[in-house]
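1. Give me a model of this one.
(chains A, B, C and D)
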Number of protein chains: 2
Amino acid sequence: MGRQMTEMLKGTLEGIVLAILSRRPAYGYEITAWLRDQGFSDIAEGTVYALLVRIEQRGFVDVVKVPSEKGPPRKVYSLNATGQQYLEGFWSNWSFLAERLEELRKGGK
Amino acid sequence: MGRQMTEMLKGTLEGIVLAILSRRPAYGYEITAWLRDQGFSDIAEGTVYALLVRIEQRGFVDVVKVPSEKGPPRKVYSLNATGQQYLEGFWSNWSFLAERLEELRKGGK
DNA sequence: CTCGCTAGTCTGCGTTACTATGTACTGGTA
DNA sequence: TACCAGTACATAGTAACGCAGACTAGCGAG
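-> The predicted structure is shown next:
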């Protein structure tokens, strides 16, 4: 991926994944597939798994192991209250940033 | 600053500064002041200078030293053609990201 | 048996922003 | 004259994050 996009994802990818989980529980492979679908064509798989480990350690998600017909059991993540709260903080930060940038884009030129 | 915002700025701060420079030439101290004004209340001065050094090395800006009545001479940066092109790439990446996040925010919940 | 899909782990690396500190030049003032 | 606030730029060390790439597994189909 472009260096630019890579850097832009720092901090936002976490919010994106939390937002996905706020809609419905999901497991790593599923999230990766969804991201690719949405056009984040080359987010590394390893990146998503590492991120899931981090948010689990921070206590933002609950985890349930669900047996799968295909391959090893899935770790299904769902957002808990702590995670929900953190996600709201993310949205407010995001809004702040997005507003400033929108202004800059319009005013610039 | 919050860890969250810090990470979010990675990749975007560069675009923000380039966007500022696309409106008019400016020097480091001025840019820092403007950012604080806009609500980026605690972006470290050192961060801006380091960023300016980076974009200069990549050839996105032209630099002119201008004597100042107060303090040492100012290094005035202005966006050149290469930088303008890079900035356009930044905007397209940003749009992509912003659209995906907007969708997530609406769809989620 | 081997291939391919699903699921997850681990290591080393490069980039970035932060903190903290330091240098240097100016004008005002006590 | 000595000091200080404001201006302007710079650098060393640190932490976080995403990436690349390799590796371990389980299971079904050809």
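2. Under a three-state scheme, what state does A:Val64 occupy?
-> Per DSSP: H, G, I helix; E, B strand; the rest coil, the local secondary structure of A:Val64 is strand.
3. Do I have it right that it meets A:Pro73?
-> No - the pair A:Val64 / A:Pro73 is not scored as a contact, 9.8 Å apart, by Cβ atoms under 8 Å. All C-beta spots, glycine's among them, are computed from the backbone N, C-alpha and C.
4. quick one: what helix or strand has the spatially most central residue of chain A in it?
-> In chain A, the residue lying closest to the centroid (Cα atoms, centre = their mean) is A:Val17, at 1.8 Å. Taking DSSP states H and E as the definition, one finds A:Val17 inside helix A:12-23.
5. Do that helix and DNA strand C come into contact?
-> No - using Cβ under 7 Å from any atom of the strand, helix A:12-23 stays clear of DNA strand C, with a minimum separation of 12.4 Å.
6. Ok, stretch A:44-57 next?
-> Yes - Stretch A:44-57 lies within reach of DNA strand C by Cβ under 7 Å from any atom of the strand, at A:Glu45, A:Gly46, A:Tyr49, A:Ala50, A:Leu52, A:Val53.
7. Show me these that map onto strands.
-> Among those, no member falls in strands (DSSP state E).
8. As JSON lines, those with pLDDT would be great.
-> Converted to JSON lines, the residues of stretch A:44-57 next to DNA strand C look like this (pLDDT from 0 to 100):
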{"residue": "A:Glu45", "pLDDT": "86"}
{"residue": "A:Gly46", "pLDDT": "89"}
{"residue": "A:Tyr49", "pLDDT": "93"}
{"residue": "A:Ala50", "pLDDT": "92"}
{"residue": "A:Leu52", "pLDDT": "94"}
{"residue": "A:Val53", "pLDDT": "92"}
